[in-house]
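Structure for the following, please:
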Amino acid sequence: MKVFSSQNSVFRILSIVVLGIAMTSCGLFNNNNPEYKLSDLQGLWLENGDETFGHYVRFTADLSDETGYYWGCEWTESDDVHEADLVYHGNGWFKYSFVSAELIEIHKMDQGWADIPKVYTVSALTDSELKYYEKDRTSNKFSFSKVVEAK
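Below you'll find the predicted structure:
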């Protein structure tokens, strides 16, 4: 009889361990790697919600090429640069990819002779808020508010 109860206890412990492993692998307890959607990123964003400074970033749904990167652009209105001033896919434009929480932007130098990659980790993305930081320099943090555009 004693053998049966110890087997029963071992079975219960193994069941709990297997259930714990299954729940962890399904992500029920693991929020360290959030996954955001590309469609939530796309649109017009204003850094710090500060129209006085006026640094804007637009993530478009336009594919840049067969590599799967999309087009994005940025400008700063306090420097008297507006979106209408940007030459399509020229200065102010960059390519980007967004998978899970990793945002990669590839900026062209003004003379077009070099691509500069910037890798960011997105820490928050909702329909009104975007926050990310440089992957290798976590002190460089950026915060944006979504701009509701008139249609």
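
mind saving the C-alpha coords of stretch 84-91 as CSV?
Extracted C-alpha coordinates of stretch 84-91, given in CSV (Å, rounded to 0.1, in the frame of the first residue of the first chain):
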residue,chain,number,x,y,z
ALA,A,84,6.1,68.2,-47.9
ASP,A,85,9.8,69.3,-48.1
LEU,A,86,11.1,65.8,-48.2
VAL,A,87,12.1,64.3,-51.6
TYR,A,88,10.4,61.0,-51.9
HIS,A,89,12.9,58.3,-50.8
GLY,A,90,15.6,60.9,-50.5
ASN,A,91,16.9,62.9,-47.5
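
what about the strands in the chain?
Applying DSSP state E to the chain gives strands spanning 43-47, 55-63, 70-76, 93-99, 102-108, 115-125, 129-134, 141-146.

if you average pLDDT over the fourth one, what comes out?
What strand 93-99 shows for mean pLDDT is 95.

Compute the inter-axis angle for it and strand 55-63.
70 degrees (axes from the mean of the first three to the mean of the last three Cα atoms, to 10 degrees).

Pull out the buried positions in strand 93-99.
Under the neighbour-count criterion of 16 or more other Cβ atoms under 10 Å, strand 93-99 has W93, F94, K95, Y96, F98 buried. Every C-beta, even on glycine, is put in place using the N, C-alpha and C of the backbone.
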